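Q: sequence plus the predicted model coming up.
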Amino acid sequence: MVGYHEVLKVSRQAMVASFSSTAANSCVAKLVEFFPEAAPVRIPVQITRFAADGSPFTENTVIEFGTHEVVLFASEMPLDFEDRVRLENSDRSLDTEAEIVAMQFDGGKTAVAARFLGNVKNWIIKE
């Protein structure tokens, strides 16, 4: 008899394979391999990073994968490990800060994993 966890694992693999086939060129699809619990999502967001002098760098991107505490997205912004960014969606139901915990460079884009710094009330993925 097949257990619940085996079915869940197969379902997740099929879901990621399906999502990855539509985003085959995504540098994020490569980084997500290091986050096996991540689920595919498509959430447009604006990312803001503040420079040392306080001036903001802003970019629009899409969160492609997520867990209950980490989001993965592509960025062209100059980022580094431990940088803090603000993530906001258009209706501000997602408005939170996160810290960069992993990056993978791929051509002109960078795949980024950022961990939420606090509890996100409206986040769609729960623990």
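A: In hand now; what should we look at? All values derive from a computational prediction rather than experimental measurement.

Q: in contact with D106: list those residues for me.
A: Shown in contact with D106 (C-beta atoms under 8 Å, 6 or more residues apart in numbering): 27, 30. (C-beta placed from N, C-alpha, C; glycine too.)

Q: I should have written E64 there, sorry.
A: By C-beta under 8 Å, 6+ apart, the contact set of E64 is 19, 23, 26, 28-29, 32, 40-42, 72-74.

Q: out of these, which sit inside strands?
A: For these, the ones inside strands are 40-42, 72-74, with DSSP state E as the criterion.

Q: any idea which of those residues is closest to E127?
A: Nearest to E127 among the ones in strands among the contacts of E64 is V41, at 15.7 Å by C-beta to C-beta.

Q: the residue nearest to the closest one when sequence neighbours are not counted: how many residues sit nearby?
A: What sits nearest to V41 in space, not counting adjacent residues and going by C-beta to C-beta, 6 or more residues apart in numbering, is G66, at 5.1 Å. Neighbourhood size, G66 [other C-beta atoms under 10 Å]: 24.
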